[in-house]
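> Got a predicted structure here, sequence first:
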Amino acid sequence: MNNIFKMADQFEKSVQLEKVRRAKAMLKNKLSGAVWLRGIGIGGSPDNYCVKVNVAAMTDEVRNEIPTTINGVPVIVTVVGNIKAY
């Protein structure tokens, strides 16, 4: 019986991850071309996924453009500054 619960839990996590992937794709499409955008990814943990957005600086434009949630998925914004390749 434990295997059934384990499989159900894994399925639920898989469904949640797919929901977060769709939310990430939607946000990436919305923010595409923003000069302050540094990256978009998936963060959190399997029990609490989120979409993570890295930005150069926290400006009014960033606050206005990035939602706190997208399709029920939390969005976390992190200021990373300018990124340089070495």
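Perfect, I can see it now. Numbers count the residues shown, from 1 in each chain.
> Kindly state the beta-bridge partners for the most centrally placed residue in the chain.
Centre of the chain computed as the mean C-alpha position; nearest residue by Cα atoms, centre = their mean is residue 51, 1.0 Å away. Residue 51 has the following beta-bridge partners by DSSP bridges: residue 42, residue 75.
> is it true that residue 78 lies in a strand?
Yes: judged by DSSP: H, G, I helix; E, B strand; the rest coil, residue 78 forms part of a strand.
> tally of neighbours for the closest residue to residue 41 other than its chain neighbours?
Nearest residue to residue 41 in three dimensions, chain neighbours excluded: residue 52, at 4.9 Å (Cβ to Cβ, 6 or more residues apart in numbering). All C-beta atoms are positioned from the backbone trio N, CA, C, and that covers glycine. The tally of other residues near residue 52 (other Cβ atoms under 10 Å) stands at 17.
> does residue 52 really touch residue 40, like I thought?
Yes: under the criterion of Cβ atoms under 8 Å, residue 52 makes contact with residue 40 at 7.1 Å.
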